[in-house]
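Visitor: take this sequence and fold it.
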Amino acid sequence: DHRAHKGLNNRIENAHRQTRKREKIMGRFKSPRQAQRFLSAHDQINTIFRPRRYKLSARSWRHARADAFCLWSDYTAEMTA
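Guide: Okay, the predicted model is just below:
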């Protein structure tokens with residue numbers, strides 16, 4: 001499987017693609033501290049809303065998603081009160 005663009009065949013460049021993606025996202029923030037604050041909160045929320053799909057059956061996954069939305073609605077109601 002040979003790809004047309006020379007960078008796509010370079011395993012070293014492809015190995016840290018996720019790192020480059022994260023760097024690009026962090027470049028949008030004014031400071032590293034602001035980026036860290038956002039990313040730490042984002043990771044916690046992402047963990048709630050995106051359960052590991054490969055470990056769950058469809059029924060369990062739907063139940064986990066419903067629980068996540070209940071948690072989120074309780075949390076947002078608490079924050080607005």
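
Visitor: quick one, longest helix in the chain?
Guide: Longest helix of the chain, by residue count under DSSP state H: helix 58-80.

Visitor: would you map out the domains in the chain?
Guide: 1-48, 50-81 (automatic domain parsing).

Visitor: same list (these) but as a markdown table, adding mean neighbour count and mean pLDDT.
Guide: All C-beta spots, glycine's among them, are computed from the backbone N, C-alpha and C. Shown next, in a markdown table, are the domains of the chain (neighbours: other C-beta atoms under 10 Å; pLDDT from 0 to 100):
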| stretch | mean neighbour count | mean pLDDT |
| --- | --- | --- |
| domain 1-48 | 10 | 73 |
| domain 50-81 | 11 | 86 |
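
Visitor: which helix or strand contains the residue nearest the centre of the chain?
Guide: The residue lying closest to the centre of the chain (C-alpha atoms, centre = their mean) is Asn46, at 5.5 Å. Per DSSP states H and E, Asn46 falls inside helix 32-49.

Visitor: that helix to helix 58-80, inter-axis angle?
Guide: 130 degrees (axes from the mean of the first three to the mean of the last three C-alpha atoms, to 10 degrees).

Visitor: now do helix 32-49: distance to the chain's middle.
Guide: 9 Å (C-alpha atoms, centre = their mean, to the nearest Å).

Visitor: what does it rub up against?
Guide: Ile25, Met26, Phe29, Arg65, Ala68, Leu71, Trp72 (C-beta atoms under 8 Å, 6 or more residues apart in numbering).

Visitor: now it - C-alpha only, CSV.
Guide: This file holds the C-alpha atoms of helix 32-49, laid out as CSV (Å, rounded to 0.1, in the frame of the first residue of the first chain):
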residue,chain,number,x,y,z
PRO,A,32,-0.1,27.3,28.3
ARG,A,33,-1.9,27.7,31.6
GLN,A,34,-5.2,28.5,29.9
ALA,A,35,-4.8,25.5,27.6
GLN,A,36,-4.1,23.2,30.6
ARG,A,37,-7.2,24.5,32.4
PHE,A,38,-9.4,23.9,29.4
LEU,A,39,-7.9,20.5,28.5
SER,A,40,-8.1,19.1,32.0
ALA,A,41,-11.8,20.1,32.2
HIS,A,42,-12.4,18.8,28.7
ASP,A,43,-10.9,15.4,29.5
GLN,A,44,-13.1,15.0,32.5
ILE,A,45,-16.2,15.8,30.6
ASN,A,46,-15.1,13.7,27.6
THR,A,47,-14.6,10.7,30.0
ILE,A,48,-18.3,11.0,31.1
PHE,A,49,-19.8,11.3,27.7
